[in-house]
Each structure stands twice: as structure tokens, then as C-alpha cells.
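Colleague: Here is the input, now give the coordinates:
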Amino acid sequence: MPRPKKQAENRRSAWIRYRISAQELEAIQAKAEQAELSIHNYARLSALQDKIIVHQTATPDMETVEQLRRIGVNFNQIARALNSTGQTPPDYFQALCHDVETVLGKVFSEYLERGSAYR
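Modeller: Take a look at the predicted model:
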């Protein structure tokens, strides 16, 4: 099944042609790759918009991920020990849980601020 025809006003039939140097082409290609756009779309958007907003995706810091995993394992072991003996957690354990939640909240908010949001 062929794709539906575009409306006449949505068709791109006009051309803009200009010459650029090899260095300019490399710079434009680098910016287009950073923006995750084709060079044509990048050039079109840069000509039509004041700014092109680049949403960078953040890669997780594997050392931080490993440390968070270890903390989770430790909390799981503590919870198992408390549940198997029937003991109630001490007051300082509740404060420690609160502190860990606060730190995790900060880590995740920084991760999201760095650009993990998808476009």
C-alpha cells in the first residue's frame, strides 16, 4: 500500500542551493549529529528557527549504578534479617532509609536534568 499523498501546501518542491567549504560542512554535520537530525533537517530548522534546542541523552554513570545496586542489596539483607527474627527496625534505620531516599531523589533528578528525557 503506497503512502498517502501530501497536501499541496505541505510538499517540499522548492530548492535552496549554496556552497560551503569543507570545514563548514564538517561543522554542520557535527551539529546535525549532535542534534540527532539529518544534515538537511538541521539546515532547514536552523534557517527557520531562532534556536535549535538539542536534547542530549545522558548515559548512566556505571559506578554510581553499581553503588546503588550494592546499597539495595544491603537493605534487602537487613530487611530479611529483621523479618526472620521478628524484630522491629531501630529508629536510626528509619532515618537512614529517609537519607537514602533523599540521595536517590537527588541523583535521579540530576540525571533527568542532564537530558535523559526523550524528544
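
Colleague: For the chain, just list every one of the helices.
Modeller: Per DSSP state H, the chain carries helices over the ranges 22-34, 39-48, 62-85, 91-111.

Colleague: Of all those helices, which one is nearest M1?
Modeller: Smallest distance to M1 across the helices of the chain (CB to CB): 25.8 Å, for helix 39-48. The way it works is simple: take the backbone N, C-alpha and C, and place the C-beta from them, glycine included.

Colleague: can you list the weak-confidence ranges in this protein?
Modeller: 50, 52-60, 114-119 (pLDDT under 70).

Colleague: Domain-wise, how is it divided?
Modeller: Per automatic domain parsing, the structural domains of the chain span 8-48, 62-116.

Colleague: With mean neighbour count as added columns, please give these in a markdown table.
Modeller: Shown next, in a markdown table, are the domains of the chain (neighbours: other CB atoms under 10 Å):
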| stretch | mean neighbour count |
| --- | --- |
| domain 8-48 | 11 |
| domain 62-116 | 11 |
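
Colleague: Reformat those as TSV; add distance to P2.
Modeller: Shown next, in TSV, are the domains of the chain (distance: least, CB to CB, whole Å):
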stretch	distance to P2
domain 8-48	16
domain 62-116	38
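
Colleague: Name the residues that touch stretch 87-106?
Modeller: Residues outside stretch 87-106 that contact it (CB atoms under 8 Å, 6 or more residues apart in numbering): L68, I71, F75, I78, L82.

Colleague: One more: stretch 14-26?
Modeller: The contact list for stretch 14-26 (CB under 8 Å, 6+ apart) reads I28, A47.

Colleague: Any idea how far apart the tips of that stretch sit?
Modeller: Using CA to CA, to the nearest Å, one end of stretch 14-26 lies 25 Å from the other.

Colleague: hmm, back to that, can you tell me which of the contacts of stretch 87-106 lies closest to A43?
Modeller: L68 (41.8 Å).

Colleague: how far away is the closest one from E110?
Modeller: 13 Å (CB to CB, to the nearest Å).

Colleague: R70 too?
Modeller: Distance from R70 to E110, by CB to CB: 20 Å.

Colleague: same question, K51
Modeller: K51 sits 24 Å away from E110, going by CB to CB.
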